[in-house]
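Participant: Got a sequence here, can you model it:
(one chain, ligands or ions: 1)
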Amino acid sequence: MKLWTGRFKREIDKKTNDFNSSISFDSRMYREDIEGSVAHATMLGKQGIIAESESEKIVLELNKILADIDNGDCIIDPECEDIHTFIEGELTRRIGDTGKRLHTARSRNDQVALDIRLYLEKHSAKVKTMLLELVDVLIEKAQQYSCAVMPGYTHLQRAQPIVFGHHFLAYCQMFLRDISRINDAVNRMDVSPLGSGALAGTTYNIDRQFVADFLGMQSVTENSLDGVSDRDFCIELACAMSLVMVHLSRFCEEVIMWCSSEFKFVELDDAFSTGSSIMPQKKNPDIAELVRGKSGRVFGDMITLLTVMKGIPLAYNKDMQEDKEAIFDAIDTVLMCLTAFIPMIKTMTVKTENMRKAAAGGFINATDCADYLVKKGMPFRDAYKATGEIVARCIELDLTLEELPIEEYRSVCEVFDEGVYEAISLETCVSGRNVYGGPAEQSIKTQVEKIRETVKCIK
Ligand code: ARG
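Facilitator: This next block holds a predicted model:
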(Lines give C-alpha, C1' and ligand atoms only; values in the text may rest on other atoms or scores of the structure.)
Protein backbone atom coordinates (compact mmCIF):
# COMPACT_ATOMS: atom_id res chain seq x y z
CA MET A 1 0.00 0.00 0.00
CA LYS A 2 1.22 3.49 -0.83
CA LEU A 3 0.19 6.17 1.61
CA TRP A 4 0.63 9.23 -0.48
CA THR A 5 -1.79 8.55 -3.31
CA GLY A 6 -3.48 11.69 -4.65
CA ARG A 7 -0.56 14.05 -5.00
CA PHE A 8 1.45 11.64 -7.17
CA LYS A 9 0.85 10.57 -10.76
CA ARG A 10 3.55 7.93 -11.06
CA GLU A 11 4.61 4.98 -8.91
CA ILE A 12 7.90 5.27 -7.04
CA ASP A 13 10.87 3.76 -8.84
CA LYS A 14 11.35 0.13 -7.74
CA LYS A 15 14.95 0.42 -6.56
CA THR A 16 14.23 3.74 -4.91
CA ASN A 17 11.36 2.11 -3.09
CA ASP A 18 13.77 -0.44 -1.65
CA PHE A 19 16.15 2.34 -0.69
CA ASN A 20 13.40 4.34 0.98
CA SER A 21 11.82 1.40 2.73
CA SER A 22 12.49 0.39 6.32
CA ILE A 23 10.29 -2.68 6.53
CA SER A 24 13.24 -5.08 6.41
CA PHE A 25 14.31 -3.82 9.82
CA ASP A 26 11.28 -2.19 11.43
CA SER A 27 8.88 -5.12 10.99
CA ARG A 28 10.20 -6.42 14.31
CA MET A 29 8.15 -3.60 15.91
CA TYR A 30 4.82 -4.98 14.67
CA ARG A 31 3.59 -5.74 18.17
CA GLU A 32 4.38 -2.27 19.49
CA ASP A 33 2.89 -0.66 16.39
CA ILE A 34 -0.35 -2.54 16.97
CA GLU A 35 -0.35 -1.78 20.70
CA GLY A 36 0.05 1.92 19.91
CA SER A 37 -2.72 1.80 17.32
CA VAL A 38 -5.07 0.00 19.70
CA ALA A 39 -4.49 2.75 22.28
CA HIS A 40 -4.98 5.47 19.68
CA ALA A 41 -8.14 3.94 18.21
CA THR A 42 -9.63 3.44 21.68
CA MET A 43 -8.96 7.09 22.48
CA LEU A 44 -10.48 8.25 19.15
CA GLY A 45 -13.67 6.32 20.03
CA LYS A 46 -13.80 7.59 23.60
CA GLN A 47 -13.39 11.19 22.45
CA GLY A 48 -16.07 10.80 19.79
CA ILE A 49 -13.58 11.61 17.03
CA ILE A 50 -14.66 8.38 15.36
CA ALA A 51 -17.74 6.32 16.22
CA GLU A 52 -17.33 3.97 19.21
CA SER A 53 -18.51 1.10 17.03
CA GLU A 54 -15.80 1.83 14.48
CA SER A 55 -13.19 2.15 17.18
CA GLU A 56 -14.20 -1.25 18.53
CA LYS A 57 -14.07 -2.79 15.09
CA ILE A 58 -10.59 -1.41 14.52
CA VAL A 59 -9.33 -2.65 17.88
CA LEU A 60 -10.80 -6.10 17.33
CA GLU A 61 -9.21 -6.45 13.92
CA LEU A 62 -5.85 -5.05 15.05
CA ASN A 63 -5.73 -7.74 17.71
CA LYS A 64 -6.55 -10.36 15.10
CA ILE A 65 -3.74 -9.07 12.90
CA LEU A 66 -1.39 -9.33 15.85
CA ALA A 67 -2.41 -12.93 16.53
CA ASP A 68 -2.15 -13.77 12.82
CA ILE A 69 1.35 -12.33 12.54
CA ASP A 70 2.36 -14.15 15.71
CA ASN A 71 1.18 -17.52 14.43
CA GLY A 72 2.36 -17.04 10.87
CA ASP A 73 -1.07 -16.60 9.24
CA CYS A 74 -0.32 -13.04 8.24
CA ILE A 75 2.96 -12.48 6.40
CA ILE A 76 4.43 -9.00 6.51
CA ASP A 77 4.78 -7.71 2.94
CA PRO A 78 8.42 -6.81 2.26
CA GLU A 79 7.33 -4.44 -0.52
CA CYS A 80 5.66 -2.09 1.98
CA GLU A 81 7.46 1.10 2.94
CA ASP A 82 7.45 0.33 6.63
CA ILE A 83 5.64 -1.62 9.35
CA HIS A 84 3.23 1.25 10.05
CA THR A 85 2.12 1.31 6.41
CA PHE A 86 1.77 -2.44 6.37
CA ILE A 87 -0.41 -2.71 9.48
CA GLU A 88 -2.70 0.13 8.41
CA GLY A 89 -2.95 -1.34 4.91
CA GLU A 90 -3.72 -4.80 6.23
CA LEU A 91 -6.40 -3.37 8.53
CA THR A 92 -8.05 -1.53 5.65
CA ARG A 93 -7.81 -4.60 3.43
CA ARG A 94 -9.69 -6.54 6.12
CA ILE A 95 -12.34 -4.06 7.32
CA GLY A 96 -12.51 -1.54 4.47
CA ASP A 97 -13.33 2.13 5.08
CA THR A 98 -13.36 1.85 8.86
CA GLY A 99 -9.67 0.96 8.71
CA LYS A 100 -9.01 4.22 6.92
CA ARG A 101 -10.15 6.13 10.02
CA LEU A 102 -7.36 4.81 12.24
CA HIS A 103 -4.82 7.42 11.19
CA THR A 104 -7.07 10.34 12.15
CA ALA A 105 -5.18 12.80 14.40
CA ARG A 106 -1.93 10.88 14.01
CA SER A 107 1.17 10.94 11.84
CA ARG A 108 3.75 8.28 11.22
CA ASN A 109 6.15 10.70 12.86
CA ASP A 110 4.59 10.46 16.32
CA GLN A 111 3.64 6.85 15.64
CA VAL A 112 7.20 5.70 14.95
CA ALA A 113 8.54 7.70 17.90
CA LEU A 114 6.09 5.83 20.12
CA ASP A 115 6.80 2.41 18.62
CA ILE A 116 10.55 2.67 19.15
CA ARG A 117 10.07 3.72 22.75
CA LEU A 118 7.76 0.79 23.47
CA TYR A 119 10.06 -1.66 21.70
CA LEU A 120 13.20 -0.46 23.45
CA GLU A 121 11.56 -0.51 26.84
CA LYS A 122 10.74 -4.20 26.43
CA HIS A 123 14.16 -5.12 25.17
CA SER A 124 15.97 -3.07 27.79
CA ALA A 125 14.13 -5.19 30.33
CA LYS A 126 15.65 -8.30 28.72
CA VAL A 127 19.15 -6.85 29.01
CA LYS A 128 18.48 -5.99 32.64
CA THR A 129 17.31 -9.52 33.41
CA MET A 130 20.47 -10.96 31.89
CA LEU A 131 22.69 -8.51 33.74
CA LEU A 132 21.02 -9.52 36.99
CA GLU A 133 21.66 -13.14 36.12
CA LEU A 134 25.32 -12.27 35.58
CA VAL A 135 25.48 -10.42 38.89
CA ASP A 136 24.08 -13.56 40.57
CA VAL A 137 26.79 -15.70 39.01
CA LEU A 138 29.47 -13.24 40.08
CA ILE A 139 28.23 -13.08 43.67
CA GLU A 140 28.28 -16.84 43.87
CA LYS A 141 31.85 -16.97 42.55
CA ALA A 142 32.87 -14.14 44.87
CA GLN A 143 31.71 -16.12 47.86
CA GLN A 144 33.34 -19.29 46.62
CA TYR A 145 36.67 -17.47 46.19
CA SER A 146 36.48 -15.06 49.09
CA CYS A 147 39.80 -16.41 50.46
CA ALA A 148 41.59 -17.26 47.20
CA VAL A 149 44.65 -15.02 47.29
CA MET A 150 45.80 -13.61 43.95
CA PRO A 151 48.00 -10.76 42.90
CA GLY A 152 46.20 -7.49 42.31
CA TYR A 153 47.77 -5.55 39.44
CA THR A 154 48.45 -2.01 38.38
CA HIS A 155 50.09 -1.47 34.98
CA LEU A 156 49.70 -5.24 34.70
CA GLN A 157 52.53 -5.52 37.23
CA ARG A 158 51.92 -7.41 40.45
CA ALA A 159 51.01 -4.76 42.98
CA GLN A 160 49.27 -5.89 46.17
CA PRO A 161 47.56 -9.10 47.25
CA ILE A 162 43.80 -9.38 46.87
CA VAL A 163 41.42 -12.33 46.64
CA PHE A 164 39.71 -13.55 43.50
CA GLY A 165 36.30 -12.90 45.02
CA HIS A 166 37.17 -9.23 45.32
CA HIS A 167 37.96 -9.13 41.62
CA PHE A 168 34.53 -10.59 40.77
CA LEU A 169 32.81 -8.08 42.99
CA ALA A 170 34.51 -5.21 41.17
CA TYR A 171 32.75 -6.37 37.99
CA CYS A 172 29.51 -6.73 39.94
CA GLN A 173 29.67 -3.02 40.70
CA MET A 174 30.12 -2.19 37.00
CA PHE A 175 27.15 -4.29 35.95
CA LEU A 176 25.01 -2.84 38.72
CA ARG A 177 25.82 0.64 37.44
CA ASP A 178 24.86 -0.57 33.95
CA ILE A 179 21.49 -1.68 35.25
CA SER A 180 20.97 1.64 36.96
CA ARG A 181 21.93 3.47 33.76
CA ILE A 182 19.41 1.43 31.78
CA ASN A 183 16.76 2.27 34.39
CA ASP A 184 17.54 5.97 34.00
CA ALA A 185 17.31 5.78 30.22
CA VAL A 186 14.05 3.85 30.33
CA ASN A 187 12.64 6.33 32.79
CA ARG A 188 13.06 9.17 30.30
CA MET A 189 11.94 6.90 27.46
CA ASP A 190 8.67 6.01 29.11
CA VAL A 191 6.85 9.09 27.82
CA SER A 192 4.25 9.06 25.04
CA PRO A 193 4.85 11.29 22.02
CA LEU A 194 1.49 10.36 20.45
CA GLY A 195 -0.51 13.50 19.75
CA SER A 196 2.55 15.39 18.49
CA GLY A 197 1.22 14.61 15.02
CA ALA A 198 3.56 15.31 12.13
CA LEU A 199 5.16 18.14 14.12
CA ALA A 200 2.46 20.61 15.16
CA GLY A 201 0.04 18.54 17.19
CA THR A 202 -3.52 18.26 15.99
CA THR A 203 -6.78 20.20 15.85
CA TYR A 204 -8.79 17.21 17.09
CA ASN A 205 -9.85 17.02 20.72
CA ILE A 206 -7.60 14.09 21.55
CA ASP A 207 -6.72 12.80 25.03
CA ARG A 208 -2.98 12.28 25.13
CA GLN A 209 -2.77 11.24 28.76
CA PHE A 210 -5.40 8.56 28.16
CA VAL A 211 -3.19 7.03 25.47
CA ALA A 212 -0.16 7.15 27.77
CA ASP A 213 -2.14 5.55 30.61
CA PHE A 214 -3.54 2.94 28.27
CA LEU A 215 0.00 1.98 27.28
CA GLY A 216 1.22 2.09 30.88
CA MET A 217 3.55 5.01 30.17
CA GLN A 218 4.38 7.59 32.80
CA SER A 219 3.46 10.79 30.98
CA VAL A 220 3.28 12.58 27.63
CA THR A 221 5.93 14.63 25.83
CA GLU A 222 5.70 18.38 26.46
CA ASN A 223 6.37 19.84 23.02
CA SER A 224 5.14 18.47 19.71
CA LEU A 225 8.29 19.42 17.76
CA ASP A 226 10.47 17.72 20.36
CA GLY A 227 8.05 14.80 20.58
CA VAL A 228 8.69 13.77 16.97
CA SER A 229 12.32 14.82 16.61
CA ASP A 230 13.79 13.50 19.84
CA ARG A 231 15.93 10.38 19.68
CA ASP A 232 17.90 11.09 22.85
CA PHE A 233 16.38 7.96 24.32
CA CYS A 234 18.03 5.84 21.59
CA ILE A 235 21.36 7.54 22.14
CA GLU A 236 21.17 7.20 25.91
CA LEU A 237 20.40 3.52 25.61
CA ALA A 238 23.21 3.08 23.07
CA CYS A 239 25.59 4.73 25.57
CA ALA A 240 24.37 2.40 28.30
CA MET A 241 24.86 -0.57 25.94
CA SER A 242 28.34 0.69 25.06
CA LEU A 243 29.31 0.77 28.71
CA VAL A 244 28.00 -2.77 29.19
CA MET A 245 30.31 -3.73 26.34
CA VAL A 246 33.25 -1.84 27.87
CA HIS A 247 32.78 -3.88 31.03
CA LEU A 248 32.30 -7.18 29.26
CA SER A 249 35.28 -6.44 27.06
CA ARG A 250 37.60 -5.69 29.98
CA PHE A 251 36.43 -8.84 31.72
CA CYS A 252 37.03 -10.85 28.54
CA GLU A 253 40.49 -9.40 28.18
CA GLU A 254 41.30 -10.66 31.68
CA VAL A 255 39.81 -14.07 31.01
CA ILE A 256 41.92 -14.32 27.85
CA MET A 257 45.06 -13.46 29.82
CA TRP A 258 44.15 -15.76 32.68
CA CYS A 259 43.75 -18.65 30.22
CA SER A 260 47.23 -18.20 28.82
CA SER A 261 50.07 -20.49 29.90
CA GLU A 262 51.77 -17.39 31.29
CA PHE A 263 48.98 -16.95 33.86
CA LYS A 264 47.06 -20.24 34.06
CA PHE A 265 44.64 -18.72 36.56
CA VAL A 266 41.55 -20.22 34.94
CA GLU A 267 40.53 -22.82 32.42
CA LEU A 268 37.43 -22.43 30.29
CA ASP A 269 35.03 -25.29 29.92
CA ASP A 270 35.33 -27.17 26.62
CA ALA A 271 31.77 -26.11 25.77
CA PHE A 272 32.89 -22.48 25.72
CA SER A 273 36.27 -22.83 24.01
CA THR A 274 37.43 -23.63 20.53
CA GLY A 275 40.27 -25.56 18.96
CA SER A 276 42.71 -24.74 16.21
CA SER A 277 42.50 -26.15 12.70
CA ILE A 278 46.24 -26.85 12.65
CA MET A 279 47.64 -26.82 16.19
CA PRO A 280 46.26 -29.83 18.04
CA GLN A 281 47.32 -28.60 21.47
CA LYS A 282 45.33 -25.36 21.27
CA LYS A 283 42.34 -24.43 23.37
CA ASN A 284 41.34 -20.93 22.45
CA PRO A 285 39.16 -18.42 24.30
CA ASP A 286 37.34 -17.42 21.10
CA ILE A 287 34.11 -16.58 22.89
CA ALA A 288 35.83 -14.05 25.14
CA GLU A 289 37.68 -12.60 22.15
CA LEU A 290 34.49 -12.30 20.15
CA VAL A 291 32.71 -10.49 22.95
CA ARG A 292 35.71 -8.15 23.25
CA GLY A 293 35.59 -7.63 19.49
CA LYS A 294 31.87 -7.01 19.37
CA SER A 295 32.25 -4.04 21.67
CA GLY A 296 33.40 -2.20 18.53
CA ARG A 297 30.04 -2.75 16.84
CA VAL A 298 28.12 -1.34 19.76
CA PHE A 299 30.35 1.74 20.04
CA GLY A 300 29.84 2.13 16.29
CA ASP A 301 26.08 2.01 16.76
CA MET A 302 26.32 4.78 19.32
CA ILE A 303 28.42 6.94 17.01
CA THR A 304 25.96 6.26 14.17
CA LEU A 305 23.11 7.58 16.27
CA LEU A 306 25.00 10.64 17.46
CA THR A 307 26.05 11.44 13.91
CA VAL A 308 22.59 10.93 12.41
CA MET A 309 21.09 13.33 14.91
CA LYS A 310 23.70 16.02 15.21
CA GLY A 311 22.93 18.11 12.15
CA ILE A 312 19.26 17.72 11.36
CA PRO A 313 16.83 20.59 11.73
CA LEU A 314 13.55 20.23 13.60
CA ALA A 315 11.36 18.32 13.34
CA TYR A 316 11.23 14.86 11.69
CA ASN A 317 13.68 14.13 8.88
CA LYS A 318 14.02 10.86 7.06
CA ASP A 319 17.60 10.62 8.32
CA MET A 320 15.99 9.48 11.53
CA GLN A 321 14.92 6.21 9.95
CA GLU A 322 18.59 5.27 10.39
CA ASP A 323 18.08 5.16 14.16
CA LYS A 324 16.53 1.71 14.21
CA GLU A 325 19.21 -0.51 12.73
CA ALA A 326 21.79 1.06 15.01
CA ILE A 327 19.92 0.80 18.28
CA PHE A 328 18.50 -2.64 17.44
CA ASP A 329 21.98 -3.89 16.65
CA ALA A 330 23.32 -2.47 19.93
CA ILE A 331 20.67 -4.31 21.95
CA ASP A 332 20.90 -7.53 19.91
CA THR A 333 24.67 -7.60 20.26
CA VAL A 334 24.62 -7.04 24.01
CA LEU A 335 22.01 -9.77 24.46
CA MET A 336 23.99 -12.15 22.28
CA CYS A 337 27.23 -11.44 24.14
CA LEU A 338 25.62 -11.93 27.53
CA THR A 339 24.09 -15.21 26.37
CA ALA A 340 27.57 -16.59 25.64
CA PHE A 341 29.45 -14.79 28.40
CA ILE A 342 27.35 -15.79 31.43
CA PRO A 343 27.68 -19.58 31.08
CA MET A 344 31.33 -19.17 30.07
CA ILE A 345 32.06 -17.49 33.43
CA LYS A 346 29.79 -19.85 35.31
CA THR A 347 31.57 -22.97 34.09
CA MET A 348 35.14 -21.68 34.18
CA THR A 349 37.55 -23.58 36.45
CA VAL A 350 39.60 -21.42 38.77
CA LYS A 351 43.15 -22.52 39.53
CA THR A 352 43.57 -21.07 42.98
CA GLU A 353 46.97 -22.69 43.56
CA ASN A 354 48.42 -20.92 40.51
CA MET A 355 47.02 -17.60 41.68
CA ARG A 356 48.52 -18.18 45.09
CA LYS A 357 51.88 -18.98 43.47
CA ALA A 358 51.76 -15.84 41.39
CA ALA A 359 50.91 -13.84 44.49
CA ALA A 360 54.00 -15.21 46.25
CA GLY A 361 56.30 -13.62 43.69
CA GLY A 362 56.72 -10.00 42.71
CA PHE A 363 57.09 -8.59 46.24
CA ILE A 364 53.41 -7.75 46.40
CA ASN A 365 53.71 -7.56 50.19
CA ALA A 366 56.29 -4.76 50.03
CA THR A 367 53.69 -2.12 50.96
CA ASP A 368 52.81 -4.19 54.00
CA CYS A 369 56.49 -4.43 54.92
CA ALA A 370 56.68 -0.63 54.84
CA ASP A 371 53.43 -0.38 56.81
CA TYR A 372 54.94 -2.72 59.41
CA LEU A 373 57.72 -0.16 59.99
CA VAL A 374 55.20 2.68 60.05
CA LYS A 375 53.19 0.89 62.72
CA LYS A 376 56.42 0.77 64.74
CA GLY A 377 56.63 4.55 64.58
CA MET A 378 58.67 5.26 61.43
CA PRO A 379 57.45 7.98 59.01
CA PHE A 380 56.00 6.36 55.86
CA ARG A 381 58.54 7.85 53.44
CA ASP A 382 61.48 6.45 55.47
CA ALA A 383 59.74 3.08 55.76
CA TYR A 384 59.16 3.12 51.99
CA LYS A 385 62.87 3.77 51.36
CA ALA A 386 64.05 1.08 53.76
CA THR A 387 61.68 -1.46 52.20
CA GLY A 388 62.90 -0.48 48.74
CA GLU A 389 66.45 -1.34 49.85
CA ILE A 390 65.25 -4.66 51.23
CA VAL A 391 63.53 -5.49 47.95
CA ALA A 392 66.76 -4.66 46.12
CA ARG A 393 68.63 -7.02 48.49
CA CYS A 394 66.04 -9.77 47.82
CA ILE A 395 66.57 -9.34 44.08
CA GLU A 396 70.36 -9.61 44.55
CA LEU A 397 69.98 -12.79 46.59
CA ASP A 398 67.08 -14.14 44.50
CA LEU A 399 64.86 -14.47 47.57
CA THR A 400 61.32 -13.43 48.40
CA LEU A 401 60.57 -11.09 51.29
CA GLU A 402 59.35 -14.08 53.27
CA GLU A 403 62.65 -15.91 52.67
CA LEU A 404 65.05 -13.07 53.44
CA PRO A 405 66.83 -13.77 56.79
CA ILE A 406 66.14 -11.39 59.66
CA GLU A 407 69.81 -10.31 59.77
CA GLU A 408 69.42 -8.91 56.26
CA TYR A 409 66.36 -6.97 57.37
CA ARG A 410 68.15 -5.63 60.40
CA SER A 411 71.23 -4.64 58.44
CA VAL A 412 69.00 -2.24 56.47
CA CYS A 413 66.95 -1.11 59.45
CA GLU A 414 67.25 -1.89 63.15
CA VAL A 415 63.53 -1.62 63.72
CA PHE A 416 62.82 -5.00 62.11
CA ASP A 417 62.26 -8.03 64.32
CA GLU A 418 60.85 -11.53 63.75
CA GLY A 419 57.33 -10.08 63.73
CA VAL A 420 57.94 -8.90 60.18
CA TYR A 421 57.30 -12.39 58.77
CA GLU A 422 53.82 -12.49 60.25
CA ALA A 423 53.15 -8.94 59.03
CA ILE A 424 54.07 -9.74 55.43
CA SER A 425 52.39 -13.12 55.12
CA LEU A 426 49.91 -12.88 52.25
CA GLU A 427 47.05 -13.94 54.47
CA THR A 428 47.81 -11.12 56.91
CA CYS A 429 48.13 -8.67 54.01
CA VAL A 430 44.66 -9.56 52.76
CA SER A 431 42.87 -9.96 56.08
CA GLY A 432 44.36 -6.68 57.28
CA ARG A 433 42.69 -4.82 54.41
CA ASN A 434 39.42 -4.83 56.21
CA VAL A 435 38.63 -1.29 55.20
CA TYR A 436 35.14 -0.71 53.77
CA GLY A 437 35.35 -1.84 50.12
CA GLY A 438 38.57 -3.79 50.69
CA PRO A 439 39.47 -7.42 49.90
CA ALA A 440 39.36 -8.90 53.43
CA GLU A 441 36.96 -11.78 53.94
CA GLN A 442 34.65 -9.77 56.17
CA SER A 443 34.63 -6.97 53.65
CA ILE A 444 33.69 -9.40 50.87
CA LYS A 445 30.76 -10.53 53.01
CA THR A 446 29.64 -6.94 53.51
CA GLN A 447 29.96 -6.22 49.80
CA VAL A 448 27.90 -9.28 48.91
CA GLU A 449 25.17 -8.33 51.39
CA LYS A 450 25.01 -4.81 50.01
CA ILE A 451 24.81 -6.09 46.43
CA ARG A 452 22.02 -8.48 47.41
CA GLU A 453 20.10 -5.52 48.88
CA THR A 454 20.64 -3.45 45.74
CA VAL A 455 19.50 -6.33 43.55
CA LYS A 456 16.33 -6.73 45.65
CA CYS A 457 15.52 -3.03 45.14
CA ILE A 458 16.10 -3.36 41.37
CA LYS A 459 13.84 -6.41 41.12
N1 ARG B 1 9.79 4.50 8.43
C2 ARG B 1 9.84 5.81 8.98
C3 ARG B 1 10.92 5.87 10.05
O4 ARG B 1 11.32 4.86 10.47
C5 ARG B 1 8.53 6.18 9.60
C6 ARG B 1 8.28 7.63 9.67
C7 ARG B 1 8.00 8.15 8.35
N8 ARG B 1 7.64 9.51 8.34
C9 ARG B 1 7.79 10.25 7.25
N10 ARG B 1 7.41 11.45 7.32
N11 ARG B 1 8.31 9.76 6.16
O12 ARG B 1 11.39 6.89 10.44
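
Participant: For the stretch 151-300 of the chain, give the residue positioned nearest to the ligand.
Facilitator: Proximity of the stretch 151-300 of the chain to the ligand (CB to the nearest ligand atom) peaks at residue 198, 7.0 Å away. In short, each C-beta sits where N, CA and C put it, glycine included.

Participant: and residue 159, what helix or strand is that in?
Facilitator: Assigned by DSSP states H and E, residue 159 belongs to strand 157-163.

Participant: what about the residue of the stretch 151-300 of the chain closest to the ligand, which SS state?
Facilitator: State at residue 198, reduced to three classes by DSSP: H, G, I helix; E, B strand; the rest coil: coil.

Participant: coming back round to it: if you count neighbours, what's buried in the very next helix or strand once past the strand holding residue 159?
Facilitator: Where DSSP H and E defines the elements, the next helix or strand beyond strand 157-163 is helix 164-189. Neighbour counts using 16 or more other CB atoms under 10 Å place 164-176, 178-179, 181-182, 185-186, 189 of helix 164-189 among the buried residues.

Participant: same question, stretch 40-58
Facilitator: Neighbour-count burial for stretch 40-58, with 16+ other CB under 10 Å as criterion, is recorded at 40, 41, 42, 43, 44, 45, 49, 50, 54, 55, 57, 58.

Participant: What of stretch 324-341?
Facilitator: In stretch 324-341, counting by 16+ other CB under 10 Å, buried: 324, 326-334, 337-338, 340-341.

Participant: farthest pair in those residues?
Facilitator: Using CB to CB, these span at most 25.3 Å, a distance reached by 324 and 341.

Participant: how much does the helix or strand encompassing residue 457 deviate in direction from strand 157-163?
Facilitator: Following DSSP H and E, the helix or strand that holds residue 457 is helix 441-458. On the basis of axes from the mean of the first three to the mean of the last three CA atoms, to 10 degrees, helix 441-458 is oriented at 80 degrees to strand 157-163.

Participant: Check the average confidence over helix 441-458, would you?
Facilitator: Across helix 441-458, pLDDT averages out at 94.

Participant: go on, stretch 73-89?
Facilitator: Computed over stretch 73-89, the average pLDDT equals 97.

Participant: if we can go back for a sec, packing partners of the helix holding residue 457?
Facilitator: Contacts defined by 3 or more CB pairs under 8 Å, 6 or more residues apart in numbering; DSSP states H and E place helix 441-458 against helix 108-144, helix 164-189.

Participant: Tell me the spacing between residue 305 and residue 82.
Facilitator: Residue 305 sits 19 Å away from residue 82, going by CB to CB, to the nearest Å.

Participant: same question but for residue 27, I mixed them up
Facilitator: 8 Å.

Participant: Between the two, which has more neighbouring residues?
Facilitator: residue 82 (24 against 18; other CB atoms under 10 Å).

Participant: ok, residue 343 - how many residues close by?
Facilitator: 16.

Participant: can you tell me which residues contact it?
Facilitator: 271, 272 (CB atoms under 8 Å, 6 or more residues apart in numbering).

Participant: What helix or strand is it located in?
Facilitator: Element membership of residue 343, judged by DSSP H and E, is helix 323-347.

Participant: With adjacent residues omitted, what lies nearest to the residue of the stretch 251-400 of the chain at minimum distance from the ligand?
Facilitator: Residue of the stretch 251-400 of the chain nearest the ligand, by CB to the nearest ligand atom: residue 321 (3.7 Å). Excluding the flanking residues, the one nearest residue 321 by CB to CB, 6 or more residues apart in numbering is residue 22, at 5.1 Å.

Participant: is it true that residue 418 touches residue 409?
Facilitator: No: with contact defined as CB atoms under 8 Å, residue 418 does not reach residue 409; the gap is 9.4 Å.
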